[in-house]
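**Student:** predicted model and sequence below, questions to follow.
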Amino acid sequence: MGREAYRSLYGDLTKLKNDSLLKDPAGGAGDDDELFQLLLSVSNWVDNYCNRHFYPRADTLVFDGRGTVQLLVPDIISITTLKEDSNGDLTFNETWAASDYWFQPNNAAPTQHWGGPYTALKARSQGNKADGFVTGEQNFQVIGVWGYSQYSEDSGTDLNDASMNTTKNTVAVDDGRSLRSAKRP
């Protein structure tokens, strides 16, 4: 896996080389692998110390129902699907509608720059699942984006390349740190 694939890295190799005691950004890349491993180790230490990860990660997790209207979950940003295994065969045969549950805490706002994560789901009393998260082992499956927060903002730059047409499927990007795709209506 290349260095760019590590979303959990809480530092930047170039910034470390420029701002640290190294003060030798032109010194070459001879120690880059070791410095990268150092950044990765420190990032992992932060995750372990805080008992959470701060980067967004799409994943599927399974939980035990406790027979309450609330299901405690690790830091979550958004849910794609919430399913229940109502007959104990691990097939997750019942899909909950978004109107069947609330995120908690109510004001977490993990997609805002000032926000934090949701840490629980609560069955809505007006929803079809008002009885809550029934008792069982591994009877709830949550597919979503997990992590502390996921904030993005418009870079203000549009792709207005005259050569763009319906057959062109690539765009050269010099610096993709602020690049994100937009959904079209």
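**Tutor:** Okay, I see it.
**Student:** show me what contacts Val145?
**Tutor:** 56-58, 76-78, 80 (CB atoms under 8 Å, 6 or more residues apart in numbering). Backbone N, C-alpha and C define where each C-beta goes, glycine included.
**Student:** how does the protein divide up, domain by domain?
**Tutor:** 7-50, 57-146 (automatic domain parsing).
**Student:** which of the ones you listed sits closest to Glu153?
**Tutor:** Closest to Glu153 of these, according to CB to CB: domain 57-146, at 7.9 Å.
**Student:** quick one: residues contacting the residue nearest the centre of the chain.
**Tutor:** Closest to where the C-alpha atoms of the chain average out (CA atoms, centre = their mean) is Pro56, at 1.8 Å. Pro56 makes contacts with 7, 77, 145-147, 149-150, as judged by CB under 8 Å, 6+ apart.
**Student:** the helices in this protein, which residues?
**Tutor:** Ranges of helices in the chain, per DSSP state H, are 13-19, 32-50.
**Student:** rank the ones you listed by mean pLDDT and give me the bottom one.
**Tutor:** Ranked on mean pLDDT, the bottom entry among these is helix 13-19, at a mean of 74.
**Student:** just the buried positions in it, please.
**Tutor:** Neighbour counts over helix 13-19 (16 or more other CB atoms under 10 Å) mark 13, 16-17 as buried.
**Student:** and what of stretch 61-81?
**Tutor:** 63, 65, 69, 71, 73-77, 79.
**Student:** likewise for stretch 94-113?
**Tutor:** For stretch 94-113, a neighbour-count test (16+ other CB under 10 Å) marks 94, 96, 100-104, 108-110 as buried.
**Student:** give me the low-pLDDT residue ranges for this structure?
**Tutor:** 1-7, 19-30, 157, 159-164, 166, 168-185 (pLDDT under 70).
**Student:** if you set the cut-off to 50 instead, what comes out?
**Tutor:** Within the chain, the ranges that satisfy pLDDT under 50 run 1, 4, 183-185.
**Student:** grab the nearest non-local neighbour of Gly65.
**Tutor:** In space, and not counting its chain neighbours, Gly65 is closest to Phe133: 4.1 Å by CB to CB, 6 or more residues apart in numbering.
**Student:** just want the angle from the biggest strand by length in the chain to helix 32-50.
**Tutor:** Using DSSP state E to define each element, the chain has its longest strand at strand 70-84. Between strand 70-84 and helix 32-50, the angle comes out at 120 degrees (axes from the mean of the first three to the mean of the last three CA atoms, to 10 degrees).
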